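Q: Structure of the sequence below:
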Amino acid sequence: MRHKKIPAYLLLFLCCFVGGQTTARWKEVSAPSAACLAVVIDDFGYGGAGEEELLELEIPWTAAVMPFSERTEEDAQKARQAGKELLIHLPMESLEGKREWVGEKGIFLDMTEEDVRERVREAYDILPDAVGVNNHMGSAVMEQPECLGWVLSEVAERGGLFLDSMTTAESKGREMAEKTGVVYLRRDVFLDSTQDAEAVRQNLRQAAEIAKRQGSAIAIGHVGPEGGKVTAQVLAEMAPVLEAEGVRFVFLSQLAAESG
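A: Okay, here's the model as predicted:
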């Protein structure tokens, strides 16, 4: 039995149709995922106000824990039990403010390289499961490449990430992270430092819009008088709204994995 020849115009149509279907499927598979928003809550380690309310939130977020505080281990364990990941909130010398505000075990510019490295190692010994480090205060250290490089070299040895809290516009964080091989992330928005719920709402909305526009964003909030219960209240209220808009709350380490 002889097969009829397929006319050239029909063959061309079939090729275009199949090609179009393949392209459509490829576009569907490679379409960008939901905008990712990583929330980091600083200042765990003091049993600050709002801690319990924040830990009750079901969304993923990252707890930045002060490593040398009176309730470091207790607060870290609470965060673990609540299913949150940990970050070392490392105290560093600031351009403004008193030295004692940083604490006896901060990172200071007059320290030797070995002293700086030992301080970071000590912080990791206390919080061994931390995914990395972010700076508490620290504007002076963040502007000083040598001292910052010593800090980041130790973070690199642990395979950790570094979140630049952007306490100074003159930060050398990105530059030194590239030199030491550390995955570098930077804060986009501070959520609080206020007890005004509407201000926190606006800041969270700003972070969500950045995530939608850029694919990801990082927002930093606080326990204690810098936010605490108000920040927990706003996150509980707005998280379902933002998720319905396509925003996906993620751990900081998830953004680091995409950046690395």
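Q: Note down every partner strand of the longest strand along the chain and its orientation.
A: In the chain, taking DSSP state E as the definition, the longest strand is strand 35-44. Using DSSP bridges, the strands paired with strand 35-44 are strand 62-65 (parallel), strand 216-222 (parallel), strand 247-250 (parallel).
Q: and that strand, C-alpha only, in PDB?
A: Coordinates of the C-alpha atoms in strand 35-44 are reproduced here as PDB (Å, rounded to 0.1, in the frame of the first residue of the first chain):
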ATOM      1  CA  ALA A  35       8.700  36.800  44.600                       C
ATOM      2  CA  CYS A  36      10.700  35.700  47.700                       C
ATOM      3  CA  LEU A  37      10.800  37.800  50.900                       C
ATOM      4  CA  ALA A  38      13.200  36.900  53.700                       C
ATOM      5  CA  VAL A  39      12.400  38.400  57.100                       C
ATOM      6  CA  VAL A  40      15.200  38.500  59.600                       C
ATOM      7  CA  ILE A  41      14.400  39.400  63.300                       C
ATOM      8  CA  ASP A  42      17.400  40.800  65.100                       C
ATOM      9  CA  ASP A  43      18.300  41.000  68.900                       C
ATOM     10  CA  PHE A  44      17.400  37.600  70.100                       C
END
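Q: For the helix or strand containing residue 238, name the packing helices and strands.
A: For residue 238, the host element (DSSP states H and E) is helix 229-244. Secondary-structure packing of helix 229-244 (3 or more C-beta pairs under 8 Å, 6 or more residues apart in numbering; DSSP states H and E): strand 35-44, helix 51-55, helix 197-214, strand 216-222, strand 247-250. C-beta coordinates here come from the backbone N, C-alpha and C atoms, glycine included.
Q: Show me what counts as buried in the second one.
A: Taking 16 or more other C-beta atoms under 10 Å as the basis for neighbour counts, the residues of helix 51-55 that come out buried are 51, 53-55.
Q: what sits against residue 212?
A: Shown in contact with residue 212 (C-beta atoms under 8 Å, 6 or more residues apart in numbering): 35, 245-247.
Q: mind redoing it with 6 Å?
A: Residue 212 is in contact with residue 35, counting by C-beta atoms under 6 Å, 6 or more residues apart in numbering.
Q: From residue 133, how far out is it?
A: Distance, residue 212 to residue 133, by C-beta to C-beta, to the nearest Å: 28 Å.
Q: now do residue 34
A: The value you get for residue 34 to residue 133, if C-beta to C-beta is used, is 27 Å.
Q: On the pLDDT front, check residue 5 for me.
A: Note on residue 5: pLDDT of 45.
Q: ok, now the one 10 residues further on?
A: pLDDT for residue 15: 40.
Q: For stretch 215-227, buried residues please.
A: Of the residues in stretch 215-227, those buried (16+ other C-beta under 10 Å) are 216-224, 226-227.
Q: Show me the two of those residues that sit farthest apart.
A: For these, the maximum inter-member distance is 26.8 Å, found between 216 and 224 (C-beta to C-beta).
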